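A.B. asks: Pasting a predicted model and its sequence here:
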Amino acid sequence: MAIKLIFPEHQFAMTDAHAGGLKELKFVVNGKSRAIRIDPGTPLLYILRNELGLCSPRYGCGSEQCGACKVIVDGKMGFACTLTAEELDGCDIRTLEGLAVDGSLHVLQQAFLAENAAQCGYCASGIIMTAALLLEENQAPSRSEIQQALVGNLCRCGAHNRIIQAIQRAAQELSIE
Ligand code: FES
Ligand code: FES
């Protein structure tokens with residue numbers, strides 16, 4: 001039986017199978033192989049932030065509602081707040097920290113800066129990772145396709161228009177590269 005423990009700042013699932021202790025987790029994060037021993041019920045968000053020092057994904061709702069924690073897992077969008085260590089063995093994970101190459105910002109990061117597409121910035125990592133996946137699949141998204149891709153990403157500051165402009169700008173940059 002699964003016992004779900006939910007606190008404002010801490011959420012994890014503990015099952016009878018987890019009671020035995022730690023599990024060795026091997027996965028790839030931003031192109032680097034990693035191996036850690038960890039409680040299998042630990043959320044990916046805590047693994048990234050607390051174990052690996054990758055703090056771009058943020059805790060917002062803890063229940064796949066806000067998108068602040070989004071990362072790319074095996075080429076698909078993943079919620080780091082609810083994916084747990086036991087689901088991640090052998091996975092390939094990409095976070096915002098992995099977008100820049102050799103110190104050069106990704107075209108999306110440059111476009112977000114150019115369009116000043118964040119106010120507090122809390123949502124930015126999840127939104128940029130969502131946009132990165134969108135642009136990998138569709139290099140010329142329409143405004144409505146961008147809006148559709150961002151349905152699961154909340155921005156409490158109301159920076160939506162600038163965010164969409166930044167993604168359009170990045171798409172345009174990609175098309176002339
Ligand atoms: S913290 Fe994961 S979707 Fe809100
Ligand atoms: S810029 Fe503040 S939540 Fe989006």
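C.D. replies: Looks like it arrived, so ask away. Ligands and ions are numbered 1, 2, ... in the order given.

A.B. asks: Could you list the buried residues of the longest helix seen in the chain?
C.D. replies: If you go by DSSP state H, the chain has its longest helix at helix 160-176. Using 16 or more other Cβ atoms under 10 Å as the test for burial, helix 160-176 gives 160, 162, 163, 164, 165, 166, 167, 168, 169, 170, 171. (Glycine included, C-beta is placed from N, CA and C.)

A.B. asks: quick one, strands of this protein?
C.D. replies: Per DSSP state E, the chain carries strands over the ranges 3-7, 10-14, 23-29, 32-38, 70-73, 76-79, 92-94.

A.B. asks: Which strands or helices does the fifth one pack on?
C.D. replies: For strand 70-73, the helices and strands in contact under the criterion 3 or more Cβ pairs under 8 Å, 6 or more residues apart in numbering; DSSP states H and E are strand 76-79, strand 92-94, helix 124-137.

A.B. asks: Any chance of CSV for the ones you listed, columns mean neighbour count?
C.D. replies: Shown next, in CSV, are the helices and strands packed on strand 70-73 (neighbours: other Cβ atoms under 10 Å):
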stretch, mean neighbour count
strand 76-79, 18
strand 92-94, 20
helix 124-137, 22
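
A.B. asks: closest to ligand 2 out of these?
C.D. replies: Minimum separation from ligand 2 across these (Cβ to the nearest ligand atom) falls at helix 124-137, 6.3 Å.
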